Every structure is written in structure tokens, then in C-alpha cells.
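Undergrad: dropping a prediction and its sequence here:
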Amino acid sequence: MKPKKRSLENLGGIMYSTNPDFEYPAEEVNEERVSNQQQDLRVTLDRKNRGGKAVTLITGFRGNDDDLQQLGKMLKTKCGVGGSAKDGEIIIQGDFREKVLTLLQKEGFKAKKSGG
């Protein structure tokens, strides 16, 4: 997931401090691991904004970015194609809906085909 931009609201309204020992309050990152059985993934075929090229899109992933990258790498390797994994979505180049769906179900994810 994208890191949030720091703004004045995030810093508690502090713009500048003359105290040399001052540190901005650290953000608490609460990344809980969600088990595979609790994930509700959707597998769709997407052609929008891709120059007519079809991609398999997996959405609904909840968890940290490392787990998303690892799952994306496993799916790309098993399908033998390229793609990317970012912002809670995994993009697999080409129409691999059935194969991705069976791979996700083997891994224990609750996955459904959606969008036709």
C-alpha cells in the first residue's frame, strides 16, 4: 500500500520546532496478518485503459505489501507471464482467470470469478 503523505494534520499542527531534540510523532502502523481463508479475492478480466490488451486482475487482497508481492510472484511464475502487484491488486498479463482461480483455491484463498 502507498505510504501516506505527511501533512500538517498528520504532524499535529507542528510546522517548525527550535528544540534540537524534537522528533515528530511516529505513525503507528498496525499490519495484522489476515489468514488465507479470510481473504475474499475477486478474479476478473480487464481490458480498460490497456490498449485493448487483456489482463487478469485479482482484487480484494488484505495484508501487508510483502505478502502481496509474494502471492503475485507465485501467480506470475505458475502462469509463466509477467504482471505486477501493488495497491492491493495483482495484475497478470493475459487471460488466465481459470488457472489463477484454481491456484488461489489450492493456496486456501476464498476466491470468486467476477465480471462475466
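TA: Perfect, I can see it now. What you see is a predicted model; the values in this text were computed from it and never measured. Residues are numbered from 1 along each chain as shown.
Undergrad: any idea how far Ala54 is from the residue nearest to Val81 when sequence neighbours are not counted?
TA: Excluding the flanking residues, the one nearest Val81 by Cβ to Cβ, 6 or more residues apart in numbering is Gln93, at 4.7 Å. Glycine gets a C-beta too; all of them are placed from N, C-alpha and C. Using Cβ to Cβ, to the nearest Å, we find Gln93 at a distance of 8 Å from Ala54.
Undergrad: same deal with Arg97?
TA: Arg97 sits 10 Å away from Ala54, going by Cβ to Cβ.
Undergrad: can you check Lys86 too?
TA: Counting by Cβ to Cβ, the gap from Lys86 to Ala54 is 19 Å.
Undergrad: how about the strands in the chain?
TA: Applying DSSP state E to the chain gives strands spanning 40-46, 55-59, 83-86, 89-93, 110-113.
Undergrad: quick check: angle from the helix ranked longest in the chain to strand 55-59?
TA: Criterion DSSP state H: the longest helix present in the chain is helix 65-79. Calculated by axes from the mean of the first three to the mean of the last three Cα atoms, to 10 degrees, helix 65-79 forms an angle of 150 degrees with strand 55-59.
Undergrad: how about helix 65-79, which residues are buried there?
TA: Neighbour counts over helix 65-79 (16 or more other Cβ atoms under 10 Å) mark Asp67, Leu68, Leu71, Gly72, Leu75, Lys76, Cys79 as buried.
Undergrad: which pair of these spans the longest distance?
TA: Within these, two members stand farthest from each other by Cβ to Cβ: Asp67 and Cys79, at 18.7 Å.
Undergrad: where's the residue nearest the centre of the chain relative to Leu41, distance?
TA: Closest residue to the average C-alpha location of the chain: Gly88 at 1.9 Å, with Cα atoms, centre = their mean. Computed as Cβ to Cβ, the Gly88 to Leu41 distance reads 10 Å.
Undergrad: shared neighbours, these two?
TA: Residues touching both Gly88 and Leu41 (Cβ atoms under 8 Å, 6 or more residues apart in numbering): Thr59, Gly60, Phe61.
Undergrad: okay, and the beta partners of the first one?
TA: On DSSP bridges, the residues paired with Thr59 through beta bridges are Arg42.
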